[in-house]
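>>> Got a sequence here, can you build the structure:
(chains A and B)
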There are 2 protein chains.
Amino acid sequence: MPDVHAAPTATQQRLKGVFSPVLTPFNADLSPDPDRFAKHCRWLIDQEVGLAVFGTNSEANSLGVAEKRKLLDSLLKAGIPAPRLMPGTGTCAIPETIELTRAAVQAGCGGVLMLPPFYYKGVSDEGLYRNFAEIIERVGEPRLRVYLYHIPPVAQVPITLGLVERLLKKYPGSIAGMKDSGGDWNNTKAFLDAYAKNGFDVFPGAETFLLQGMRNGGAGCISATANTNPGPIARLFETWQAADADTQQARLDEIRTTFAKYPMIPALKAAIAHYGGDAAWAKVRPPLVELTPEQNGGLIADLDARGFTMPGLRV
Amino acid sequence: MPDVHAAPTATQQRLKGVFSPVLTPFNADLSPDPDRFAKHCRWLIDQEVGLAVFGTNSEANSLGVAEKRKLLDSLLKAGIPAPRLMPGTGTCAIPETIELTRAAVQAGCGGVLMLPPFYYKGVSDEGLYRNFAEIIERVGEPRLRVYLYHIPPVAQVPITLGLVERLLKKYPGSIAGMKDSGGDWNNTKAFLDAYAKNGFDVFPGAETFLLQGMRNGGAGCISATANTNPGPIARLFETWQAADADTQQARLDEIRTTFAKYPMIPALKAAIAHYGGDAAWAKVRPPLVELTPEQNGGLIADLDARGFTMPGLRV
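Here you go, the predicted structure:
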């Protein structure tokens, strides 16, 4: 058995910067479209944005295990560099989380973003600890880097400070950090204060907290709107100590707020469909629904009015 | 394409009575135990309780798709009659729900109990309609009988009157009924009043509402505690018009309330472990945890004090 308990070595890569939970394009028959997916990934990488494929905004939980494995393979075959990938691999069922996690590690992905099991509510930290411990032990890969995914508005099952403390103590080499999509800066700050000094990398779940995060030892951010506004978000990560950082943050917030007036996933897809000149991108899988024509018109008018563009998207 | 829109014919079987969301026994390594599973199913059938395998209390969402398919096959091989089965087949992802549903129908199961996709919250009835329609159309089996699963405390995604109305109108032959685990009698009554006359079978999600349900056109109940108290619950279903029906209901409530003082799934398993003399039954899969020794002692003492037994379980 490989020793999955060891502390990380100095040579191990740490994921840093801005990541996008990459939107998943669908064909008219609702099957995933690997070519549009790879093209979008390439556009994001070209703007220094990493690929948190199979996240909430990727409609990943509307995809089956086999679909996710096939899409990951298709990205690698298309030449997307595995170290830039942080696939979501957390499901409700331990065997499926193990399958997806092992596939990601063996493909050389830089890390995995792992939801807690999210069907049962009100579960204990002891139960969640056992869940993650079982997965880490059974994947049995020293290369595994787990980013815990805290998104209580959706999963309804939180990642607590106490859980992270127990996991970090037992698996310092495997527990690499977290994404905090709770939308509560005080919670993000509590994790930064407690564990950033131990090399536990905290990614706020939106660029809203990118600058605050960086000023408090954060690692970047993982944000839905990095699908549509990647360049400016990545620039703030690179230049957060520059004099204009607060101005940059305000501009990012303006664009984010515009998208947030609409259902986020359909709105992001609608923007890619419009600014990329590719109507097929608007498709979502049930239980989500596309924007209405009225919403679509409103979103584009709002974005145009703010001078929003997606340079290089239309090829 | 088979016509999945047709109304049901008079010869089609309707599931009625008391069903148990059958607990899933696990081995020490957390793998499912098909032999204990089949034995428990046989014990339930012998007491006139049907098998809603792969429900919430079955820890079904902690099982992978492959595990569920294998367990279903093992039950059929063990001689469990398929018409007595109502497997849970609803997952977050349409392709996996289709796979499980098709397997159940092709095996001859009496119906399937279908959760809505439960990861995304606040989704619209339009999105849920598209989800169920897509599944029914793609399964494409006239024999399919879907029981919609309303369990807002856990899934957090409700089945509404409006959704049922749209589905019944389009798929009168496929939409057979629902399980209402909301715990709100007024909601159950609203569905009974609206659709029971159309042959839409409403199963309250606990025996708590068995008698009220039967008095208002209900079809029985699907209840966690039918795993441990099957005989008396089935007897009330058979004799709900008898003079002692209210007394029977009060006795069922007493036992149910005793279990409900503890975490339900571990408590039910602990009772089977104790009264069946089979300690291995107590095992649960993370994120759940077993009862503490104190809880276990309290539960058994409480049940003993109420004269609770599980006749025929210990072989």
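
>>> What helices and strands are in contact with whichever strand or helix holds A:L75?
Element membership of A:L75 [criterion: DSSP states H and E] is helix A:65-77. Packed against helix A:65-77 by the contact rule (3 or more C-beta pairs under 8 Å, 6 or more residues apart in numbering or on different chains; DSSP states H and E) you find helix A:34-45, helix A:94-106, helix B:94-106. Any C-beta I mention is one placed from the backbone N, CA and C, and that applies to glycine too.

>>> Turn those into TSV, including mean pLDDT and mean neighbour count.
Below are the helices and strands packed on helix A:65-77 laid out as TSV (pLDDT from 0 to 100; neighbours: other C-beta atoms under 10 Å in any protein chain shown):
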stretch	mean pLDDT	mean neighbour count
helix A:34-45	98	19
helix A:94-106	98	22
helix B:94-106	98	22
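
>>> Please determine how far A:A196 is located from B:K77.
54 Å (C-beta to C-beta, to the nearest Å).

>>> Who has more neighbours out of those two?
Counted by other C-beta atoms under 10 Å in any protein chain shown, A:A196 and B:K77 do not tie: A:A196 has more neighbours, with 17 against 10.

>>> count of neighbours near the spatially closest residue to that one that is not a sequence neighbour?
Counting by C-beta to C-beta, 6 or more residues apart in numbering or on different chains, A:A196 lies nearest to A:G217, which is 3.7 Å off, once chain neighbours are set aside. The criterion is other C-beta under 10 Å. On that basis, A:G217 has 16 neighbouring residues.

>>> now A:G217, what's its secondary structure?
Recorded secondary structure, A:G217: coil (DSSP: H, G, I helix; E, B strand; the rest coil).

>>> List the contacts of it.
A:192, A:196-197, A:202 (C-beta atoms under 8 Å, 6 or more residues apart in numbering or on different chains).

>>> just the buried members of the residues you listed?
A:192, A:196, A:202 (16 or more other C-beta atoms under 10 Å in any protein chain shown).

>>> can you tell me which of those residues are in helices?
Among the buried ones among the contacts of A:G217, the ones falling in helices (DSSP state H) are A:L192.

>>> Name the surrounding residues that touch the helix or strand hosting A:A190.
Assigned by DSSP H and E, A:A190 falls within helix A:185-195. For helix A:185-195, the external contacting residues (C-beta under 8 Å, 6+ apart) are A:150, A:161, A:164-165, A:168, A:178, A:180, A:182, A:200, A:202, A:204, A:209, A:212-213, A:216-218.

>>> Whichever of the residues you listed end up buried, select them in PyMOL.
In PyMOL, a selection of the buried entries from those looks like this (16+ other C-beta under 10 Å):
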select buried, chain A and resi 150+164+168+178+180+182+200+202+204+209+212+213+216+217+218
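
>>> Could you tell me which of the contacts of helix A:185-195 belong to strands?
A:150, A:178, A:180, A:202, A:204 (DSSP state E).

>>> export those to CSV and tack on distance to chain B?
Below are those laid out as CSV (distance: C-beta to the nearest C-beta, whole Å):
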residue, distance to chain B
A:H150, 15
A:M178, 17
A:D180, 18
A:V202, 23
A:P204, 21
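
>>> For my notes, please list the residues you listed in JSON lines and give pLDDT and distance to B:R36 for each entry.
Below are the ones in strands among the contacts of helix A:185-195 laid out as JSON lines (pLDDT from 0 to 100; distance: C-beta to C-beta, whole Å):
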{"residue": "A:H150", "pLDDT": "98", "distance to B:R36": "36"}
{"residue": "A:M178", "pLDDT": "98", "distance to B:R36": "38"}
{"residue": "A:D180", "pLDDT": "98", "distance to B:R36": "41"}
{"residue": "A:V202", "pLDDT": "98", "distance to B:R36": "44"}
{"residue": "A:P204", "pLDDT": "98", "distance to B:R36": "46"}
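
>>> burial of A:K261, as a residue count?
When neighbours are counted by other C-beta under 10 Å, A:K261 comes out with 12.

>>> Then A:D278?
A:D278 has 17 nearby residues by other C-beta under 10 Å.

>>> Distance of the closest residue to it other than its chain neighbours relative to chain B?
Closest residue to A:D278 apart from its sequence neighbours, by C-beta to C-beta, 6+ apart: A:I272 at 7.1 Å. Shown here: A:I272 relative to chain B, a distance of 20 Å by C-beta to the nearest C-beta, to the nearest Å.

>>> Was I right to think A:I272 contacts A:L23?
Yes - the pair A:I272 / A:L23 is scored as a contact, 7.0 Å apart, by C-beta atoms under 8 Å.

>>> you'd agree A:P25 is up against A:V284?
No - shown here, A:P25 and A:V284 do not form a contact pair, counting by C-beta under 8 Å, at 9.9 Å.

>>> Phi and psi next, for A:N61.
phi -80, psi 0 (degrees, to the nearest 10).
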